[in-house]
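In: when you get a sec, could you give me coordinates for this:
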Amino acid sequence: MTLKIHIDESVPPYEQVRAQISEQARAGVLPVGYRLPTVRGLAESLGLAVNTVAKAYRALETDGVIETRGRNGTFVAAAGSAAEREAASAAQAYAERVRRLGLDEGAALAAVRDALRAAYGEG
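Out: Below you'll find the model as predicted:
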């Protein structure tokens, strides 16, 4: 079990780092408690600027995927349930909003599909 990140030219590098660590953590490839490389160490190994990796780590911490324990390092958090709760809360807020806007279920789902395609770079 090791962190594997591949950077290409398709998406900003910080987003690739964020997405790949998040995906590996959620899939269990990186188990809860796995110690991530330091920001500087990962930046050096990927040939990226330190600030690029730091931005990805901040986003992952905000999302609850990782947690920083001061000088002890940065670890994969028990994020699955927290992430699922946050997603459910966001979905509930969205459902209430589209109902107030008068959209039917088909239009609401189409908007979500479009947004997900855009977020994942598929559109």
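
In: give me the contacts around the worst-scoring helix or strand of the chain on mean pLDDT.
Out: When each helix and strand of the chain is scored by mean pLDDT, DSSP states H and E, helix 79-101 comes last, with a mean of 79. Here helix 79-101 makes contact (Cβ atoms under 8 Å, 6 or more residues apart in numbering) with 25, 26, 32, 63, 64, 65, 66, 107, 108, 111, 112. Glycine gets a C-beta too; all of them are placed from N, C-alpha and C.

In: now do the SS call for the second one.
Out: Read it as residue 26. The local conformation at residue 26, judged by DSSP: H, G, I helix; E, B strand; the rest coil, is helix.

In: can you report how many residues neighbour it?
Out: Using other Cβ atoms under 10 Å, residue 26 has 15 other residues around it.

In: for residue 66, see how far away it is.
Out: Relative to residue 66, residue 26 is positioned 12 Å away (Cβ to Cβ, to the nearest Å).

In: quick one: stretch 107-117 to chain centroid distance?
Out: Mean-position distance between stretch 107-117 and its chain equals 19 Å (Cα atoms, centre = their mean, to the nearest Å).
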